[in-house]
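Chemist: For reference, the sequence and a predicted model appear below.
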Amino acid sequence: MLKSWKLKEIVLMSLFSVVFGIVYLLFLHAGNIWAGFIGPIAYEWIFGIWFIVSIICMYIIRKPGAAVISETIAATIEVLLGNAIGPRLILTGLIQGLGAEAVFAATRYKRFDLWVLMLAGVGSAVFSFVYGYFLGGFAVYSTGYVALMLGLRILSGALIAGVGGKALSDGLLATGSLRGYAISRSKKGESHA
Amino acid sequence: MKHALHKMNPSLKFLLLTVCMITMAFFFDPWTPLLFCIGILVLQILFSRINWKKWLLFMIPFFVTAFGYFWSTIVFAEDQSGPVIWSFWVLNVTETQLHYALSLSFRILAFSSLSLLFAFTTNPNTFIMSLMQQLKLSPKIAYGVMVGYQFLPVLKDEFIHIQQAHRLRGATPEKNALQRLLGVRRILIPMLAGAVRKAESAAFAMEARGFTGERRTSYFQVITVSKIDGVCAALFLIVLLLSCTNRLWIS
Amino acid sequence: MPNVICFNNVTFSYPDEEQPILKNLSLSIRRGERVVITGPSGCGKTTLLYLCNRLFPDNCDGILTGSLELFGKDSFSYIPGEINHRIATVFQDPDAQFCMQTVEEELAFTLENLHLPREEMEIRIFEVLHLTGLSEFRHAIIQKLSGGQKQRIATACALIMEPEVLLLDEPIAHLDPYTAKKYVEWLDQLQIKRKITIIAIEHRLDLWGDFFERNIQLNKTEDTTPLQKRNTSIQENASFLANSISAKPFLQEVSFTLNRGEITVLAGPNGSGKSTLLKALCQLIPLNGTVQPERLGYVPQSPDFLFLTKSVHEEVAFGGGNDVDKMLTRLKLITIADDHPFAVSHGQKRRVAIAAMLSDGRDVIVMDEPTSGQDAAALSELFQLIDERSRAGTTFLIVTHDMEFAYCIADSILLLNNGRLTGKFPAADVWRNENLQLDHHLLPPKGLMSREACFT
Ligand SMILES: Nc1ncnc2c1ncn2[C@@H]1O[C@H](COP(=O)(O)OP(=O)(O)OP(=O)(O)O)[C@@H](O)[C@H]1O
Ligand SMILES: Nc1ncnc2c1ncn2[C@@H]1O[C@H](COP(=O)(O)OP(=O)(O)OP(=O)(O)O)[C@@H](O)[C@H]1O
Ligand SMILES: [Mg+2]
Ligand SMILES: [Mg+2]
C-alpha cells in the first residue's frame, strides 16, 4: 500500500497522526468527564473531532490508505499515552478510518470537494456507530434515543470532521507550506479549468 | 529487579497488556478489576521506578471519569431490581445498581492503571524500534512516527515561538476573551504549517541519509527478548489469573 | 576520468513559477574533481544541488526537461534514497537537516541504511567522530547544539557513508573563521586521501584559498566595490542597557551598554552563546537581569519563525514602515515580492527578515549572522543600509563570522567565550591584539593586513 507514497507524505501523515492523537486524548478525557455527568449522549455532538485526522490527511495526500492509516496511528498514540478504554481503541480507530476510506474509495480517490469530505465524515460516523452498537451495548437504549445519537453523530461527523477538516487544511494550504503535496497540485488544476 | 518493567521488551509488554485488558473485558463484577488493579500497582511498586507524584497527576482524569460513571450508572441504570441497600433523598440504590456501578468504575481504573504502567515504563523510541524488530512494522511508518513523536517538544516550543514572533513584530495582543480565542487560530495554523515544513525537512534528511524504506538487515540499537521478559510475563499472568479466579479464593 | 554528474541541456522550473529557475544548463563533473558553484543569491544553486541528489524534481513537483545523468545512468532510474549512499549532502539550513534526536542515533540511522553489520557501525561512528573532532558531541541532543556545531555534525553524517560525491551547500557559512579555516584544510587532506568528488556552493571564496579546481558560475554576479571601512557615527548618549543578563544553563552574567548610533559586533567561537545571548536580550528565552529598552528588532539565525504573512511584500510592510518597495529593491527582493516567504532561497529569507526589521523602525536592532549566505552585492547593500541607519541614530548589535564585514562596520566588539563575556572592546583594539583573536577563534581581516602592508 505504501509503495507509491513519497517519504515526505508518510512523515507528514505520521506527524499529523501524533499531533491529533494527543488532541484526541485530551478530548477523550474531557468527553469522559462530561459524559460522567450527562450520560453517553454527551459524546455524540463532538464525535466528529475523532474523525478529523483521516480527513485532513486524505485531503492533503490523496493516496489510498491515508485515511485508515492515519486514524489508526492516532488511536495507537492515544493508547500509548494512556486512556480508559484500553487497546480496543486501536480497533475503534481502524474502523473509523475505514468508514472515511470507504467513501474516498467509492469516488476512486478522484473527488475531494466539500461534499465528499462531509460524506467521509458521515462514513466514519456510521461505521463507528455500527461498531459501537454491537460492542458498546447501545442496544439497551430505546430506539428513539439511539436514532438521536446516530443523528447527532452523523451531523458532527459531517460538520466537525468534514467542514472543519477542510477549513483547517485550506488554512494550511494558504500558508504555502503544502507545496509538493497533491492538494496544491489539484488547486492549480481547478483554477486552470 | 527495580528496573525489570523498564527493561522488558516493549512489544511483548504491549501484547501482554492487550491480553490482560481483553480478558478483563469479559468479567463484569467489581472484584476482578479491583484485585487486578491492586496487583498491577504492587507490580509497579516492586519492579519499576516511576515518579509517583506524576503518576497521581495523570491518574486524576481517570478517577474523575470513574467517579462520573459510578454515579451516572447509579442514577440512570435501567435494571433497578434487588434489595435497596442505601437510600438518599429520592434515590434508592439497589444492590444490582451498586454492583453495575462498581464494576464499571473499577474496570476503568484497572484499564487506566495498566495504560499508565505502559506509558510510564516505556520509552517511545524503544517501543517503535521493537515494533520494527519484533513485530515487523514497516520501517517507513516506524521512522515516520518516530520523527513525528520527536517533534512534539519542538511543536511546543514552536507555539511559544510564534507567540513571541507576534510580540516581536508588534502585533497587538487581543484584549477580550472571544478575540483571544479567535487569535488561537492565528497561532494554530502557523504552528501546523511549521510542523509540515519540519516533516518535509526531516523527510529530505532521511532520504539524504540513504533511507529507501526497505527493511534493514541489522540494527544499531538491538532490542531483544530475554529472561527478564519471561519473568515479567509470568508475573502479569499470575496477577491476571489470581484476580480472575477470585471467586475461588475469596469468601 | 568518467563523469559522475552530467547535466545535458537541463531546464527546471518550480510548479508555480512562470520562468524556469535553471535554463538550458549543461555541465559535467568528473570523478575526483573539486568544483565550486557560485552565483548571486536566489539564482538556483540549492535547486541545482537538489537535482544532483535526486530530491528534486520528485519532492516538489517541479518540471525537468533535458537529461540528467548520475554515474552514467539516467537520474530517474534510481529510486528515492538509492543514490544518496553515493552522493552525500550537507544542506544549507543547519536547523533543517536532521531526523533523529541525538548525534549517535543520526549516525547509526545512516549506517543502518547501508546495511552494515553492527560491529562495523560502532567502529565507523567512532572513526568519523574522531576524524571530524566531534567525539564530545556523540551523545548530544542535536536540537540543542549551536548553528555551527550542527553544520559540522551534518558533515560527519555525510562522511560516514563514505560517499563518492560530497555535495556541500555553503558548509562554512555558519562556522567561526578559525574553525572554517581548519575545516577547509581538513577537507583538503580528506579529498587527497579518499579521492572524493567535492561539489560546493559558496559565495565567498577567500577562506577556501586554492581549494577548488574549477568554478561554475550559474548567473553573472554584479560587480561590486569591496567594502570600505566606515566612519563611526557613535553618539554620546546610551541607548541600550543590558544589566547582568544570564540564561540557564549556559549563559553567565553579562552586562554592557551600547550608545546611540553605535554598531557593535558580537563575536566568539561556535557554541560560545552568541545566539543564546541575543535571544535572551529579546526575551525569547527565560532570563535573569534587565534589558533597556525592551522592544528590540531581531533577525534570528534561522529566520523562518518570524514570518507571519503570505508574501514577502506583506512581510516587510507588516510593521507599518513606508518605502517598502525601496527597501525590497535595495535588498534584491523586488523580483520575489509576491512569493511566499517560506518558498524563497535561504539567503533571500534572511534578507526578508532583515528588511522587515529595518522597516519596523526600532531604535535597537540585533542581528544573528545576517551576513551568512549573502552574495557580495547583497552584503554591500546590507552594509550601506546599516551604515545609513546608524547615522540616523539606530543602534546595532550584529553577530557575524565574516571578519571583513566586521572590520569594516564595527565601532566596538563584544567578545564572548564559553558563555562568558570577555569584554567590550573598541574594534581597533581587537584587530591589534592577536592573542585575543586567537582565543576567540577570529582571524585578522584582509583589509587590515593590506593596510598594514602599505604602512611598512
Ligand atoms: N520550494 C520552492 N517553491 C517555489 N520556488 C522556490 C522554492 N524554493 C526556491 N524557490 C525559488 O527558486 C529560486 C532559487 O532558490 P535557491 O534556493 O536554489 O537559490 P540559491 O541560489 O541557493 O540562493 P541562496 O544563495 O540565497 O541560498 C528562489 O528565488 C526562490 O524564489
Ligand atoms: N535549547 C538549548 N538547550 C540547551 N542548550 C542549548 C540550547 N541551545 C543551545 N544550547 C547550548 O548553548 C551553547 C551556545 O549555543 P549558541 O547557539 O548560543 O551558540 P552560538 O555562539 O550562537 O554558536 P554559532 O556560532 O555556532 O551559532 C551551545 O553549547 C549549545 O550546546
Ligand atoms: Mg541556497
Ligand atoms: Mg548562533
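Modeler: Thanks, I have the structure now. Ligands and ions are numbered 1, 2, ... in the order given.
Chemist: Name the nearest residue to A:Ala182, sequence neighbours excluded.
Modeler: A:Arg62 (3.8 Å; CB to CB, 6 or more residues apart in numbering or on different chains). To be clear about C-beta, it is placed using only N, CA and C from the backbone, and glycine gets the same treatment.
Chemist: And the pLDDT at the one you found?
Modeler: On pLDDT, A:Arg62 comes in at 95.
Chemist: Can you get me a residue count around it?
Modeler: By other CB atoms under 10 Å in any protein chain shown, the residues close to A:Arg62 number 18.
Chemist: Was I right to think it contacts A:Phe112?
Modeler: Yes. Counting by CB atoms under 8 Å, A:Arg62 does reach A:Phe112; the two are 6.5 Å apart.
Chemist: who touches both of the two?
Modeler: Common contacts of A:Arg62 and A:Phe112 (CB atoms under 8 Å, 6 or more residues apart in numbering or on different chains): A:183, A:186.
Chemist: now the helices for chain A?
Modeler: A:7-38, A:41-44, A:52-61, A:66-81, A:88-106, A:114-135, A:143-156, A:165-174, A:182-192 (DSSP state H).
Chemist: how about low-confidence regions in chain A?
Modeler: Counting by pLDDT under 70, chain A shows low-confidence ranges at A:36-40, A:135-141, A:187-193.
Chemist: residue contacts, the residue most central in space within it?
Modeler: Centroid check for chain A by CA atoms, centre = their mean gives A:Phe51 as the closest residue, at 2.0 Å. Applying CB under 8 Å, 6+ apart to A:Phe51 gives the contacts A:71, A:96, A:99-100, A:120-121, A:124-125, A:128, A:157, A:160-161, A:165.
Chemist: distance of it from C:Gly268?
Modeler: 52 Å (CB to CB, to the nearest Å).
Chemist: repeat for C:Leu382
Modeler: For C:Leu382, the distance to C:Gly268 equals 21 Å [CB to CB].
Chemist: residue boundaries of the helices in the stretch 1-150 of chain C?
Modeler: For the stretch 1-150 of chain C, the helices defined by DSSP state H, counting those that start in this stretch cover C:45-52, C:103-113, C:118-131, C:147-159.
Chemist: Tabulate these (JSON lines), appending distance to ligand 3, mean pLDDT and mean neighbour count.
Modeler: Below are the helices of the stretch 1-150 of chain C laid out as JSON lines (distance: least, CB to the ion, whole Å; pLDDT from 0 to 100; neighbours: other CB atoms under 10 Å in any protein chain shown):
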{"stretch": "helix C:45-52", "distance to ligand 3": "3", "mean pLDDT": "94", "mean neighbour count": "23"}
{"stretch": "helix C:103-113", "distance to ligand 3": "22", "mean pLDDT": "95", "mean neighbour count": "23"}
{"stretch": "helix C:118-131", "distance to ligand 3": "25", "mean pLDDT": "94", "mean neighbour count": "15"}
{"stretch": "helix C:147-159", "distance to ligand 3": "14", "mean pLDDT": "94", "mean neighbour count": "24"}
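Chemist: Residue in the stretch 51-200 of chain B with the shortest distance to ligand 4?
Modeler: B:His161 (15.7 Å; CB to the ion).
Chemist: does B:Val231 belong to a helix or a strand, and which?
Modeler: Using DSSP states H and E, B:Val231 falls within helix B:227-244.
Chemist: Name the residues of that helix that are buried.
Modeler: B:228-229, B:232-233, B:235-236, B:239-240, B:243-244 (16 or more other CB atoms under 10 Å in any protein chain shown).
Chemist: same deal with stretch C:228-243?
Modeler: Those would be C:230, C:232-234, C:239-240, C:242, for stretch C:228-243 by 16+ other CB under 10 Å.
Chemist: and it, C-alpha only, in CSV?
Modeler: Output in CSV follows, covering the C-alpha atoms of stretch C:228-243 (Å, rounded to 0.1, in the frame of the first residue of the first chain):
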residue,chain,number,x,y,z
GLN,C,228,35.3,50.3,2.8
LYS,C,229,35.8,50.9,6.5
ARG,C,230,33.1,53.2,7.6
ASN,C,231,33.4,56.3,9.7
THR,C,232,31.9,56.0,13.1
SER,C,233,28.6,57.5,13.9
ILE,C,234,28.6,56.9,17.5
GLN,C,235,26.8,59.4,19.7
GLU,C,236,27.2,60.4,23.3
ASN,C,237,24.1,59.1,25.0
ALA,C,238,23.5,55.4,25.7
SER,C,239,20.5,53.8,24.0
PHE,C,240,20.8,50.2,25.2
LEU,C,241,21.5,48.8,28.6
ALA,C,242,21.9,45.1,29.4
ASN,C,243,22.1,44.6,33.1
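Chemist: What are the contacting residues of it?
Modeler: Contacts of stretch C:228-243 (CB under 8 Å, 6+ apart): C:254-263, C:281, C:289-293, C:363-364, C:383, C:387, C:390-391, C:393, C:395, C:397, C:407-409, C:411, C:447.
Chemist: circling back to that earlier point, how about the residue nearest to A:Ala182, what does it touch?
Modeler: Contacts of A:Arg62 by CB under 8 Å, 6+ apart are A:109, A:112, A:182-183, A:186.
Chemist: how close does it sit to C:Asp16?
Modeler: 19 Å.
Chemist: Report the spatially nearest residue to B:Leu240, omitting neighbours in sequence.
Modeler: B:Cys20 (5.4 Å).
Chemist: thinking C:Leu218 is in contact with C:Leu48, fair?
Modeler: Yes. Shown here, C:Leu218 and C:Leu48 form a contact pair, counting by CB under 8 Å, at 7.1 Å.
Chemist: Name the residues contacting each of these two.
Modeler: Joint contacts of C:Leu218 and C:Leu48 (CB under 8 Å, 6+ apart) are C:22, C:37.
Chemist: In space, what's closest to A:Ser184 - neighbours in sequence excluded?
Modeler: In space, and not counting its chain neighbours, A:Ser184 is closest to A:Leu178: 5.2 Å by CB to CB, 6+ apart.
Chemist: Can you verify my assumption that the one you found contacts B:Ala199?
Modeler: No. Here A:Leu178 does not reach B:Ala199: they are 10.8 Å apart, not a contact under CB under 8 Å.
Chemist: Just want to know which of these two has more residues nearby.
Modeler: B:Ala199 (26 against 23).
Chemist: OK, contacts around residue 20?
Modeler: As the question left the chain open, I've gone with chain A. If you count contacts by CB under 8 Å, 6+ apart, A:Phe20 has them with A:52-53, A:56, A:70, A:74.
Chemist: try again with chain C
Modeler: C:11-13, C:63.
Chemist: residues near the closest residue to ligand 1 within the stretch 1-150 of chain B, how many?
Modeler: The stretch 1-150 of chain B approaches ligand 1 most closely through B:Val147 (20.2 Å), counting by CB to the nearest ligand atom. Using other CB under 10 Å, the number of residues around B:Val147 comes to 24.
Chemist: need the strands for chain B, in chain order.
Modeler: B:84-88, B:91-94 (DSSP state E).
Chemist: The longest one packs against which elements?
Modeler: Based on contacts counted as 3 or more CB pairs under 8 Å, 6 or more residues apart in numbering or on different chains; DSSP states H and E, the elements that strand B:84-88 packs against are strand B:91-94, helix B:95-121.
Chemist: Would you format the ones you listed as JSON lines with mean neighbour count, distance to C:Ala378 and mean pLDDT included?
Modeler: What follows is the helices and strands packed on strand B:84-88, written out as JSON lines (neighbours: other CB atoms under 10 Å in any protein chain shown; distance: least, CB to CB, whole Å; pLDDT from 0 to 100):
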{"stretch": "strand B:91-94", "mean neighbour count": "15", "distance to C:Ala378": "78", "mean pLDDT": "75"}
{"stretch": "helix B:95-121", "mean neighbour count": "21", "distance to C:Ala378": "51", "mean pLDDT": "86"}
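Chemist: Cheers, nothing more for now.
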